[in-house]
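Enquirer: model this:
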Amino acid sequence: MAVARGGVFLGRDVKKGRVLYLALEEQPEMLVAQFRKIGLTDDDNVLIHVGTVFHAERFKQLENFIKETEPTLVVIDTMALFSQFADMNNYTEVNMALTNYRTIARNTGTHIVLIHHQNKGENR
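Expert: Prediction:
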């Protein structure tokens, strides 16, 4: 919300701009309710995608969409679902995915935030 409206986040000024939010495991109604609860409105400059993204060229599609819509910030919730890891503990596999995100960020000048959920089971 701080980016969409311009303002301060964690004590720092942020650049105002469009936000792209990819909610890959949320239900649209739940996400809208959560955003409304924090004060987000239809007038805020936030583009939202709800649902899965399963496409072999998903990184290229993401880069192209960023170039078309020019968001200042992209939030991907969750990194694991978008990246489609076979093994989240495989350093090489994770590093390759992170390289894709870094390349997109550098090519577009867009900040990308990746959400990751830790294991909630007994194996902490």
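
Enquirer: got the contact list for whatever helix or strand K67 lives in?
Expert: Taking DSSP states H and E as the criterion, K67 maps to helix 58-69. For helix 58-69, the surrounding residues in contact (C-beta atoms under 8 Å, 6 or more residues apart in numbering) are 18, 20, 47, 53, 55, 74, 82, 84, 100, 104, 107-108, 110. The way it works is simple: take the backbone N, C-alpha and C, and place the C-beta from them, glycine included.

Enquirer: and if you look at stretch 37-50?
Expert: Outside stretch 37-50, the residues touching it (C-beta under 8 Å, 6+ apart) are 1, 4-5, 17-23, 26-28, 31, 35, 69, 71.

Enquirer: got it, and stretch 73-80?
Expert: Applying C-beta under 8 Å, 6+ apart, the set of residues contacting stretch 73-80 is 3, 17-26, 62, 66, 82, 88, 97, 110-117.

Enquirer: contacting residues around A86?
Expert: So A86 contacts E93 (C-beta under 8 Å, 6+ apart).

Enquirer: sorry, back to before: just the contacts of stretch 73-80: which are in strands?
Expert: Those of the contacts of stretch 73-80 mapping onto strands are V19, L20, Y21, L22, A23, H111, I112, V113, L114, I115, per DSSP state E.

Enquirer: among the contacts of stretch 73-80, which ones are buried?
Expert: 3, 18-24, 26, 62, 66, 82, 97, 110-112, 114-115 (16 or more other C-beta atoms under 10 Å).

Enquirer: helices of the chain, start to end?
Expert: Assigned by DSSP state H, the chain shows helices spanning 2-5, 28-37, 58-69, 79-83, 91-108.

Enquirer: would a markdown table of the ones you listed with mean pLDDT and distance to D43 be doable?
Expert: Output for those, formatted as a markdown table (pLDDT from 0 to 100; distance: least, C-beta to C-beta, whole Å):
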| stretch | mean pLDDT | distance to D43 |
| --- | --- | --- |
| helix 2-5 | 93 | 9 |
| helix 28-37 | 89 | 12 |
| helix 58-69 | 94 | 17 |
| helix 79-83 | 87 | 28 |
| helix 91-108 | 94 | 25 |
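
Enquirer: can you redo the ones you listed as a markdown table with distance to R12?
Expert: Converted to a markdown table, the helices of the chain look like this (distance: least, C-beta to C-beta, whole Å):
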| stretch | distance to R12 |
| --- | --- |
| helix 2-5 | 9 |
| helix 28-37 | 22 |
| helix 58-69 | 23 |
| helix 79-83 | 23 |
| helix 91-108 | 19 |
